[in-house]
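In: sequence plus predicted model, see below.
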Amino acid sequence: MIQAVIFDLDGLLVDSEPVWFEARRVLFACYGKTWTDADQERLMGVRTSVWVDYVTKKLEGAKSPDEVLEHTLDIMADAYEGGNVPILPGANEALDHCFAEYRVGLASGSPKRLIDAALKGADWVRYFESTISSDECAHGKPHPDVYIEIMDRMSLNPKTTAVVEDSVAGVRAGLAANAKVVAVPRGFTPLDDEALQQADARLETLHELPGVLKQL
């Protein structure tokens with residue numbers, strides 16, 4: 001029986017990828033460079049140090065890592081806090097249900113500043129007993145560190161904890177942490193990936209989550 005639910009953030013609860021893309025596109029355009037869909041896909045779900053390093057190298061020294069980080073986080077935080085990042089279908093309903101029935105946490109690859117901004121902008125702060133960024137751990141997803149750490153902080157048993165993820169890296173992280181895993185893949189996620197086949201459940205949208213949790 002499931003006693004706790006740990007959500008991912010970007011791509012699961014909010015459709016932040018277009019905002020991330022635009023922030024990076026504008027930055028690159030300032031230096032006569034192009035940010036592509038392939039670049040964006042490569043950075044989905046990674047921790048902060050990984051994307052800062054990638055963007056800095058692509059800019060070929062036009063900005064320092066600290067400047068890349070500050071520029072991007074300023075744009076993203078403003079978008080989150082202003083409610084300009086779309087909430088994905090079923091997210092509000094899923095959070096309402098889980099808050100009433102389970103203990104709830106959040107584990108994201110985003111920096112803690114953006115997690116806090118996103119929850120504030122969407123009025124979701126009240127839902128989460130604990131939140132954590134992969135930046136606080138030795139390794140980001142697909143390593144299990146972030147899920148192991150949040151379950152330790154909340155004193156949870158992995159066997160009675162459900163991880164809800166949209167990305168392959170997130171699904172792999174949840175599986176490696178020995179939690180139950182509910183996958184809600186987006187259109188860009190390869191549906192034939194081995195990790196998705198190993199997930200305990202796979203949903204089209206978060207509208208289906210309440211019924212599935214009862215069956216795990």
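Out: Cool, got the structure. Residues are numbered from 1 along each chain as shown.
In: show me the domain layout of the protein.
Out: Following automatic domain parsing, the chain resolves into domains at 4-14+86-215, 17-81.
In: mean pLDDT and mean neighbour count for the ones you listed - can I get that in a markdown table?
Out: All C-beta spots, glycine's among them, are computed from the backbone N, C-alpha and C. Below are the domains of the chain laid out as a markdown table (pLDDT from 0 to 100; neighbours: other C-beta atoms under 10 Å):
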| stretch | mean pLDDT | mean neighbour count |
| --- | --- | --- |
| domain 4-14+86-215 | 94 | 20 |
| domain 17-81 | 92 | 16 |
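In: please report phi then psi for V163.
Out: Main-chain dihedrals, V163, degrees, to the nearest 10: phi -100, psi 130.
In: if it is in a bridge, with which residues?
Out: Beta-bridge partners for V163, by DSSP bridges, are I6, V181.
In: what sits against it?
Out: 6, 8, 107, 147, 170, 173-174, 177, 179-182 (C-beta atoms under 8 Å, 6 or more residues apart in numbering).
In: what does P144 give?
Out: By C-beta under 8 Å, 6+ apart, the neighbours of P144 are 173-178.
In: ok, these vs G211, which is closest?
Out: G174 (19.4 Å; C-beta to C-beta).
In: what about the closest one, which helix or strand?
Out: If you go by DSSP states H and E, G174 is part of helix 168-176.
In: which residues sit against that helix?
Out: With C-beta under 8 Å, 6+ apart as the test, helix 168-176 has contacts from 6, 8, 12, 44-46, 141-147, 163, 165, 180-181, 183, 189-190, 193, 195-196, 198-199.
In: wait, doesn't E208 sit right on E93?
Out: No: here E208 does not reach E93: they are 10.2 Å apart, not a contact under C-beta atoms under 8 Å.
In: coming back round to it: got a markdown table for the contacts of P144, with distance to M1 too?
Out: As requested, those are arranged in a markdown table below (distance: C-beta to C-beta, whole Å):
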| residue | distance to M1 |
| --- | --- |
| A173 | 23 |
| G174 | 18 |
| L175 | 20 |
| A176 | 22 |
| A177 | 18 |
| N178 | 16 |
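In: closest to L73 out of those?
Out: A173 (22.9 Å).
In: who's the closest residue to F128 other than its chain neighbours bridged to?
Out: Nearest non-adjacent residue to F128, counting by C-beta to C-beta, 6 or more residues apart in numbering: L106, 5.1 Å away. Taking DSSP bridges as the rule, L106 bridges to F7, T131.
In: A79 contacts V85, doesn't it?
Out: Yes: when contacts are counted by C-beta under 8 Å, A79 is listed as touching V85 (5.4 Å).
In: shared neighbours, those two?
Out: Listed contacts common to A79 and V85 are 16, 19; contacts here mean C-beta under 8 Å, 6+ apart.
In: quick check: phi and psi on the residue with the largest distance to the centre of the chain?
Out: Relative to the mean C-alpha coordinate of the chain, counting by C-alpha atoms, centre = their mean, the farthest residue is G32 (30.1 Å). Here is the backbone geometry of G32 (degrees, to the nearest 10): phi 70, psi 30.
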